[in-house]
Structures are given as C-alpha cells and as structure tokens.
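> got a structure for you, letters missing:
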C-alpha cells in the first residue's frame, strides 16, 4: 500500500490526490491491470476528479478502483494510491 491514509470515503465528483509510495502511479485501461498494461503514469501530487468507482474482488480481498481522466486519457487508479484532495 502506498499510504495508510487513502480516499476511503470517496464518491463520484470528489477530488483525490495521487500519493503513491514512489513518484508516480499507473493509469490503467481497466481496474486491476497488470504490469506493462497501463495507459500512462500520473505523477505524485496530481489532483484528479473521480468519474467512476468499481469494487474489484481478487480472492478474499476487495479493492476499490477509481475512474478518472488525466491529460485527456481516461482510465482507472487504485484507491491505495490516493488521498482526499484538500
């Protein structure tokens, strides 16, 4: 996980800040994309609007993915790479 504090209470139209453990996070074409399948990378500190929300279950773990647009590219980011925008 990138942060212990992430945008858990996020809803459509909210703004979130990218806070990955590294310098950027990947924008996926669909939730839970694999390594090398991302559309682009989003730098840490970028503020984005939530345009969609999907819960994806993998085994016993459910993870929330947020749909957004970055530089005219639409895709999905993991909630674990976000925090509520201030």
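Looks like it arrived, so ask away. Only a predicted model underlies this, so the values are computations on that prediction, with no experimental measurement involved.
> Every contact and neighbour count from this point should use C-alpha atoms.
Will do.
> Point to the residue nearest the middle of the chain.
Closest residue to the average C-alpha location of the chain: residue 77 at 2.3 Å, with CA atoms, centre = their mean.
> Is it in contact with residue 33, as I believe?
No: applying CA atoms under 8 Å, one finds residue 77 not in contact with residue 33, separated by 9.6 Å.
> residues touching residue 15, list them.
47, 48, 49, 50, 84, 85 (CA atoms under 8 Å, 6 or more residues apart in numbering).
> Averaged pLDDT, the strand ranked longest in the chain. What do you get?
When the chain is scanned for its longest strand (criterion: DSSP state E), the result is strand 61-70. In this model, strand 61-70 carries a mean pLDDT of 93.
> Show me the strands paired with that strand, marking each as parallel or antiparallel.
strand 52-58 (antiparallel), strand 73-78 (antiparallel) (DSSP bridges).
> how about CSV for these, with distance to residue 17 added?
Output for those, formatted as CSV (distance: least, CA to CA, whole Å):
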stretch, distance to residue 17
strand 52-58, 15
strand 73-78, 11
